[in-house]
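Novice: Got a predicted structure plus its sequence, pasted below:
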Amino acid sequence: AQKITQTQPGMFVQEKEAVTLDCTYDTSDPSYGLFWYKQPSSGEMIFLIYQGSYDQQNATEGRYSLNFQKARKSANLVISASQLGDSAMYFCAMHTGGFKTIFGAGTRLFVKA
Amino acid sequence: GAVVSQHPSWVICKSGTSVKIECRSLDFQATTMFWYRQFPKQSLMLMATSNEGSKATYEQGVEKDKFLINHASLTLSTLTVTSAHPEDSSFYICSARVTQGNNQPQHFGDGTRLSIL
């Protein structure tokens, strides 16, 4: 069965510090894509970063990086130099060969000034 | 690129009213769109997969007659909540992917907050 697990319901981080949001996944498909999305309180879903199952290097997009450990089936999101505007819900998601994308339960990040 | 527009963004209506929500892909064609429902502080729950020119595929437990989906063109899918009741109040959000490859992210509309009085 395919599954995404985010075990941190909420996280606090001090402004300007780095934070890691955990995500583990389970799939028997050798080809899959892993995504992180941000959902601010306004509700829209914003795509942040993508990691493919065959990618050799960890993905990076500006202040976002994905710590991909394939053997452990983990795809943690690292946000460097946190900003107040980073306060939001963050969802880890996975897409395999079918049409559907499955989402984790989400982690709410609070950035403290 | 890859913009999805969803309308309306907020609806408040009386119990028994039917409400239509539109989801448009503005700069790409989407043979498949997805409709999600989200309760406060919870994850997205896939309701149905909307297929252009054919019937939608509903997830288990989602009432087909309550949530009518029409995908009449490559750029428009609609979700109609029929005879809405207070328990249908929720945040509804649609999405589409430019292609079906595993490396393609979902592109989401801004969502619709539905409140049934």
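Specialist: Sure thing, it's come through.

Novice: Pull the distance from the worst-scoring helix or strand of chain A on mean pLDDT to the chain's centre.
Specialist: Of all helical and strand segments in chain A, the minimum by mean pLDDT, DSSP states H and E falls on strand A:101-103, at a mean of 92. How far strand A:101-103 lies from its chain's middle: 12 Å, per Cα atoms, centre = their mean, to the nearest Å.

Novice: For residue 19, give me its contacts.
Specialist: Defaulting to chain A. A:11, A:13, A:78-79, A:82, A:109 (Cβ atoms under 8 Å, 6 or more residues apart in numbering or on different chains). All C-beta spots, glycine's among them, are computed from the backbone N, C-alpha and C.

Novice: my bad, the chain I had in mind was chain B
Specialist: B:11, B:13, B:80-81, B:84, B:114.

Novice: Look up the residues forming beta bridges with the residue nearest to it when sequence neighbours are not counted.
Specialist: Among residues not flanking B:Val19 along the chain, B:Val81 sits closest, at 4.7 Å (Cβ to Cβ, 6 or more residues apart in numbering or on different chains). Beta bridges link B:Val81 to B:Val19, B:Phe67 when assigned by DSSP bridges.

Novice: and if you look at the one 10 residues further on?
Specialist: Counting by DSSP bridges, B:Phe91 forms beta bridges with B:Gln38, B:Arg113.

Novice: Now the phi/psi pair for residue 71, please.
Specialist: Just so you know, I chose chain A. Reported as degrees, to the nearest 10, the phi and psi values for A:Ala71 are phi -60, psi -30.

Novice: ok, now how distant is the closest residue to B:Thr17 other than its chain neighbours from chain A?
Specialist: With sequence-adjacent residues excluded and distances taken as Cβ to Cβ, 6+ apart, B:Thr17 is closest to B:Ala84, at 5.7 Å. Distance, B:Ala84 to chain A, using Cβ to the nearest Cβ, to the nearest Å: 19 Å.

Novice: what about B:Ala84, which SS state?
Specialist: Three-state call for B:Ala84 (DSSP: H, G, I helix; E, B strand; the rest coil): coil.

Novice: Report how many residues lie close to it.
Specialist: 22 (other Cβ atoms under 10 Å in any protein chain shown).

Novice: repeat for B:Asn103
Specialist: 16.

Novice: Name the SS class of it, please.
Specialist: Classified using three-state DSSP, B:Asn103 is coil.

Novice: A:Gly52 is in contact with that one, correct?
Specialist: Yes. With contact defined as Cβ atoms under 8 Å, B:Asn103 reaches A:Gly52; the gap is 5.5 Å.

Novice: got the contact list for the residue sitting nearest the centre point of chain B?
Specialist: Centre of chain B computed as the mean C-alpha position; nearest residue by Cα atoms, centre = their mean is B:Trp35, 3.4 Å away. By Cβ under 8 Å, 6+ apart, the contact set of B:Trp35 is B:23, B:46-50, B:67, B:69, B:77, B:79, B:92-94.

Novice: JSON lines for the residues you listed, including pLDDT?
Specialist: JSON lines is the format used below for the contacts of B:Trp35 (pLDDT from 0 to 100):
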{"residue": "B:Cys23", "pLDDT": "97"}
{"residue": "B:Leu46", "pLDDT": "94"}
{"residue": "B:Met47", "pLDDT": "96"}
{"residue": "B:Ala48", "pLDDT": "95"}
{"residue": "B:Thr49", "pLDDT": "93"}
{"residue": "B:Ser50", "pLDDT": "91"}
{"residue": "B:Phe67", "pLDDT": "97"}
{"residue": "B:Ile69", "pLDDT": "95"}
{"residue": "B:Ser77", "pLDDT": "95"}
{"residue": "B:Leu79", "pLDDT": "97"}
{"residue": "B:Tyr92", "pLDDT": "98"}
{"residue": "B:Ile93", "pLDDT": "97"}
{"residue": "B:Cys94", "pLDDT": "97"}
